[in-house]
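Chemist: here is a sequence together with a model predicted from it:
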Amino acid sequence: MSHIQEFISETEVWRNKLKILEEETIRFKLLLAHMLLNGLHKDQLEYPEYFQNRFLKIDERISLLRHEVLEHQHLLQEIEKEHSPNHSNLADQHKDLGIKIGHIKENFDKLSQEFASYASGNMPA
């Protein structure tokens, strides 16, 4: 398997990871909505607002990163069709995307743990 094919396969893995993160964020937002509809008092809105804002920010980052990964994947597919070996920055671009995926996953995991801790102590009966 060529480097280009490996990169294409890895972009598919990244797209799937981002889709999972997006689905988890939706699940968290639904849980937050459920909490708000079923028993939080108006004086308890500080944390739900905080989490809602964090979910919106991570949604935006996921969306932008999904677009960036898709563009990179299309570029890789074009390079593969052309059999063009002369793309000096390609490996660096690919590595940078991998780093961004890692960072968003880390940020999501932290947010997920923080929200799970909050939700476990504030779920309405």
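Modeler: Happy to help now that I have it.

Chemist: for the helix or strand that contains residue 27, packing partners?
Modeler: Using DSSP states H and E, residue 27 sits in helix 3-37. Applying 3 or more C-beta pairs under 8 Å, 6 or more residues apart in numbering; DSSP states H and E, we find helix 3-37 packed against helix 46-82, helix 90-122. Placement of C-beta: from N, CA and C, glycine included.

Chemist: skipping adjacent residues, who's closest to residue 68 in space?
Modeler: Distances taken as C-beta to C-beta, 6 or more residues apart in numbering put residue 97 closest to residue 68, at 6.6 Å, once the chain neighbours are dropped.

Chemist: about what we covered before: export the helices and strands packed on helix 3-37 to a markdown table and tack on mean pLDDT?
Modeler: Putting those into a markdown table (pLDDT from 0 to 100) gives the following:
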| stretch | mean pLDDT |
| --- | --- |
| helix 46-82 | 93 |
| helix 90-122 | 93 |
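
Chemist: mean neighbour count added to those, as CSV?
Modeler: Conversion of the helices and strands packed on helix 3-37 to CSV gives the following (neighbours: other C-beta atoms under 10 Å):
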stretch, mean neighbour count
helix 46-82, 15
helix 90-122, 14
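
Chemist: redo the ones you listed as TSV? Include distance to residue 27.
Modeler: Listed next are these as TSV, based on distance: least, C-beta to C-beta, whole Å:
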stretch	distance to residue 27
helix 46-82	10
helix 90-122	10
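
Chemist: contacts only, for the closest residue to residue 54 other than its chain neighbours.
Modeler: Closest residue to residue 54 apart from its sequence neighbours, by C-beta to C-beta, 6+ apart: residue 111 at 5.5 Å. Neighbouring residues of residue 111 by C-beta atoms under 8 Å, 6 or more residues apart in numbering: 51, 54-55, 58.
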